[in-house]
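S.K.: Let's see this in three dimensions:
(chains A and B)
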Amino acid sequence: EPEVTQTPSHQVTQMGQEVILRCVPISNHLYFYWYRQILGQKVEFLVSFYNNEISEKSEIFDDQFSVERPDGSNFTLKIRSTKLEDSAMYFCASSDDEKLFFGSGTQLSVL
Amino acid sequence: RKEVEQDPGPFNVPEGATVAFNCTYSNSASQSFFWYRQDCRKEPKLLMSVYSSGNEDGRFTAQLNRASQYISLLIRDSKLSDSATYLCVVNLYNFNKFYFGSGTKLNVKP
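M.R.: Okay, here's the model as predicted:
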């Protein structure tokens, strides 16, 4: 069964560093998303991506964040100058225009 | 007003019990409705879609009431393995935008 894959599963970084979280969406899906979940809190929408551009972004997705689809398969989330409060689980998801499928997430820890 | 609202629980039930969760949504233009299951520190996984006619998958039954804008999930004969957080998700189909409830936590006790 096709699945969304994310790497790395865990990322530890120092405050102020840049991190890139990687995702390979399901191959025939056209809509891609990043969500985050702080431990014990709800899943929060960050950004959606369609047709090689951002279709929507939340208030959380400020200038510190960027997304890219550098080739036909990868979808990345870059976080510049990480802060302690960026520590969370980051989920990539893709959609077939109806259902949403999640990757297993990257646990980001900012020290 | 939140787009999707759920009772956070927790619901603590004994094995074998029947438990029901409700979820309300605010946007009448919503088109697709889902229940996801999330285990601790794991990704949400699609449990079932919810259709106007209602649908059943084994011990799980989902219902949609468009007039009242709510969705329900019924779990019969609860198992220990049903312990998880259940997320209500609504899709504004034309925009492919998904709204998440905050989740309802279920603890099934032996």
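S.K.: For chain A, which residues are neighbours of chain B?
M.R.: Applying Cβ under 8 Å from any Cβ of the partner chain, we find that chain A lies next to chain B at A:31, A:33, A:42-43, A:45, A:48, A:50, A:55-56, A:89, A:91, A:95, A:97-105, A:107. Using the backbone N, CA and C atoms, a C-beta is placed for each residue, glycine as well.
S.K.: Give me the distance from the strand ranked longest in chain B to the chain's centre.
M.R.: If you go by DSSP state E, chain B has its longest strand at strand B:84-92. Averaging C-alpha positions (Cα atoms, centre = their mean, to the nearest Å) puts strand B:84-92 5 Å from its chain's average.
S.K.: cool, and stretch A:71-83?
M.R.: 7 Å.
S.K.: And for stretch A:28-42?
M.R.: 6 Å.
S.K.: For it, output the C-alpha coordinates as PDB.
M.R.: Provided in PDB are the C-alpha atoms of stretch A:28-42 (Å, rounded to 0.1, in the frame of the first residue of the first chain):
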ATOM      1  CA  ASN A  28      -0.300  10.200  -7.600                       C
ATOM      2  CA  HIS A  29      -1.400  12.800  -5.000                       C
ATOM      3  CA  LEU A  30      -1.500  16.400  -5.900                       C
ATOM      4  CA  TYR A  31      -2.100  18.100  -2.600                       C
ATOM      5  CA  PHE A  32       0.600  18.200   0.100                       C
ATOM      6  CA  TYR A  33       0.500  19.500   3.600                       C
ATOM      7  CA  TRP A  34       2.600  20.100   6.700                       C
ATOM      8  CA  TYR A  35       1.200  19.900  10.200                       C
ATOM      9  CA  ARG A  36       2.700  20.100  13.600                       C
ATOM     10  CA  GLN A  37       1.700  18.700  16.900                       C
ATOM     11  CA  ILE A  38       3.200  19.900  20.200                       C
ATOM     12  CA  LEU A  39       3.200  17.200  22.800                       C
ATOM     13  CA  GLY A  40      -0.200  16.900  24.300                       C
ATOM     14  CA  GLN A  41      -1.800  19.400  22.000                       C
ATOM     15  CA  LYS A  42      -3.900  19.200  18.900                       C
END
